[in-house]
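Peer 1: build the 3D model from these lines:
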Amino acid sequence: MSEPSSPVLIPEYRRFWLSRFVSVMATMGMIVIIGYQVYDVARADYGMSVKEAAFQLGILGLVQFVPYFVLTPVAGLVADRFDRRAVAACAIGVDLLVALGLAAVTAQGLHSLPALFALAALHGTARVFLQPASGAIAPNIVPPALIPRAIGFNSIAWQAGSVIGPAGAGFLYAADPALPYWCASAMLLASCIVMLTIRPLPPPPSSERRHPIRQIVDGFHFVWNERFLLGCVTLDLFAVILGGATALLPIFARDVLHVGAEGLGQMRAAPAVGAAVVALALSFRPMVHNVGVKMLWGVAVFGAATLAFGFSRNFMLSMALLVILGAADMISVFIRSSLIQLNTPDDMRGRVTAISGLAISASNELGELRAGFMGALLGATGAVVFGGAGAIVVTAIWAAIFPEIRRARTFEPQYRQREPVP
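Peer 2: Numbers count the residues shown, from 1 in each chain. Next comes the predicted model:
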């Protein structure tokens, strides 16, 4: 029997894609509303100034990052030792409990900062297990030749969910503050059920022959010793830590552009619009040439768009810059994801994906922490402008110290496969 010509022709991949899309739509909407609630509660209920409330947004990023920092090695090992489909479904189930908790405290008017921070931390815990498990599922159900296209379709699910989720959550919140969380609960339940309809995916046999601690070390050892992969992961890490402006969007929505929760939802969705367009193009025509240089230019444009957004005082211009920012970032995401999936042995894929996920989370949550703290010191505009300029500088430095990135022409392995140390 001939292999399918597209991932969407594989029934199990379609179920995986649907589960991913629905869960992303739910969680991205939740994240937007949690951020807005933290900022609004800090300003309205605690009487904090703009800078003091910005600091609370930094704390929000920190409480979501801590679970990633602590649990990433364990999550990667779990994804390699257990049924990845079941692990992903359990993580989605935990997020369902978070959504129900947020709905309950919001409906009862009990949404204090400690309650919001605690539920955000539990959400971070769910994500740290979901990311490596779900990230390693597609290569188990899609032929290797179709993996780049599957990554493009995966990105469409993520970006489409990131557009619809925040935009819808903003409008739902304006109607009833608890409504976005009730809707997210229903979507997460559906996502969990669909994930469980995928056939069982037992772990690779070799993952059970080594001590768990040694397996964790092997994953870090693999990434550390492959300079091309290390350069890609750390470039994204430091560029987004500096350039990430999403944590401060509640400030721009409420006190700079004066567009409220509805505008915030649209602003959070705008980068995903740009990314979705790029992801759609890449799913039909994957990038195959000069991948390293294109990734560097993508990160540089991401920084430039972030810098310009910081100066904008026009809502439509700000939206356009956020679209450009998301499109540029998608280039880096596509290249990094393709390299990880195509250049990592299957029995180590969960651990390496978890490490990459840690970098992504660090760049997002620590970027929010950096933005929140700098917003408290420099104001929202100063923090965003400084971060955008920093992302450009990091790109130039990485291009110099990791020449392997500049020289990369295709997704072919940039390293010599190594056998793990006995």
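
Peer 1: going forward, measure contacts and count neighbours with C-alpha atoms only.
Peer 2: Noted.

Peer 1: how far away from the center of its chain is the helix or strand hosting residue 152?
Peer 2: Assessed by DSSP states H and E, residue 152 sits inside helix 147-175. On the basis of Cα atoms, centre = their mean, to the nearest Å, the separation between the geometric centre of helix 147-175 and that of its chain is 11 Å.

Peer 1: residue 293 sits in which helix or strand?
Peer 2: Residue 293 belongs to helix 291-311, assigned by DSSP H and E.

Peer 1: no, scratch that, I was asking about residue 400
Peer 2: helix 367-401.

Peer 1: mind checking the pLDDT average for that helix?
Peer 2: Confidence over helix 367-401, taken as the mean pLDDT, stands at 82.

Peer 1: ok, stretch 149-161 next?
Peer 2: Per-region confidence: stretch 149-161 scores 79 on mean pLDDT.

Peer 1: any buried residues in that stretch, and which?
Peer 2: Neighbour-count burial for stretch 149-161, counted by 16 or more other Cα atoms under 10 Å, picks out 149-161.

Peer 1: so residue 284 makes contact with residue 149?
Peer 2: Yes. Here residue 284 reaches residue 149: they are 6.8 Å apart, a contact under Cα atoms under 8 Å.

Peer 1: residue 76 against residue 135, yeah?
Peer 2: No. The pair residue 76 / residue 135 is not scored as a contact, 10.5 Å apart, by Cα under 8 Å.

Peer 1: settle it for me: which of these two has more neighbours?
Peer 2: Taking neighbours as other Cα atoms under 10 Å, residue 76 and residue 135 compare with residue 76 leading, 29 against 21.

Peer 1: the helices in the stretch 201-350 of the chain, which residues?
Peer 2: Counting by DSSP state H, counting those that start in this stretch, the stretch 201-350 of the chain has these helices, from start to end: 212-225, 227-243, 249-251, 260-284, 291-311, 315-343, 349-361.

Peer 1: closest to residue 119 out of these?
Peer 2: For the helices of the stretch 201-350 of the chain, distance to residue 119 was read as Cα to Cα. The smallest value, 17.0 Å, belongs to helix 349-361.

Peer 1: let's test this: mean pLDDT of that closest one, rounded?
Peer 2: Confidence for helix 349-361, expressed as mean pLDDT, is 63.

Peer 1: quick one, the helix holding residue 293 and helix 315-343 angle?
Peer 2: Here helix 291-311 runs at an angle of 150 degrees relative to helix 315-343 (axes from the mean of the first three to the mean of the last three Cα atoms, to 10 degrees).

Peer 1: for this structure, give me the ranges with low pLDDT.
Peer 2: 1-2, 204-223, 225-226, 244, 286-288, 339-369, 410-422 (pLDDT under 70).

Peer 1: and residue 47, its phi and psi?
Peer 2: Main-chain dihedrals, residue 47, degrees, to the nearest 10: phi 70, psi 30.

Peer 1: so how far is residue 40 from it?
Peer 2: 10 Å (Cα to Cα, to the nearest Å).

Peer 1: compare these two and say which is more crowded by neighbours.
Peer 2: Comparing residue 47 with residue 40 by neighbour count (other Cα under 10 Å), the higher total belongs to residue 40, at 19 against 12.

Peer 1: which element is the more buried one on?
Peer 2: With elements delineated by DSSP H and E, residue 40 resides in helix 11-44, which encompasses its position.

Peer 1: export the buried residues of stretch 149-161 to CSV and append columns for distance to residue 186.
Peer 2: Shown next, in CSV, are the buried residues of stretch 149-161 (distance: Cα to Cα, whole Å):
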residue, distance to residue 186
149, 30
150, 27
151, 26
152, 27
153, 24
154, 22
155, 23
156, 22
157, 18
158, 18
159, 20
160, 18
161, 15
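
Peer 1: can you give me the neighbour number for the closest residue to residue 386 other than its chain neighbours?
Peer 2: With Cα to Cα, 6 or more residues apart in numbering as the criterion, residue 386 has its nearest non-adjacent residue at 7.2 Å, and that residue is residue 307. The burial metric for residue 307, expressed as a neighbour count using other Cα under 10 Å, is 26.

Peer 1: can you tell me how far residue 307 is from residue 298?
Peer 2: 14 Å.

Peer 1: I'd say residue 181 and residue 103 touch.
Peer 2: Yes. Contact criterion Cα under 8 Å: residue 181 and residue 103 qualify, at 4.9 Å.
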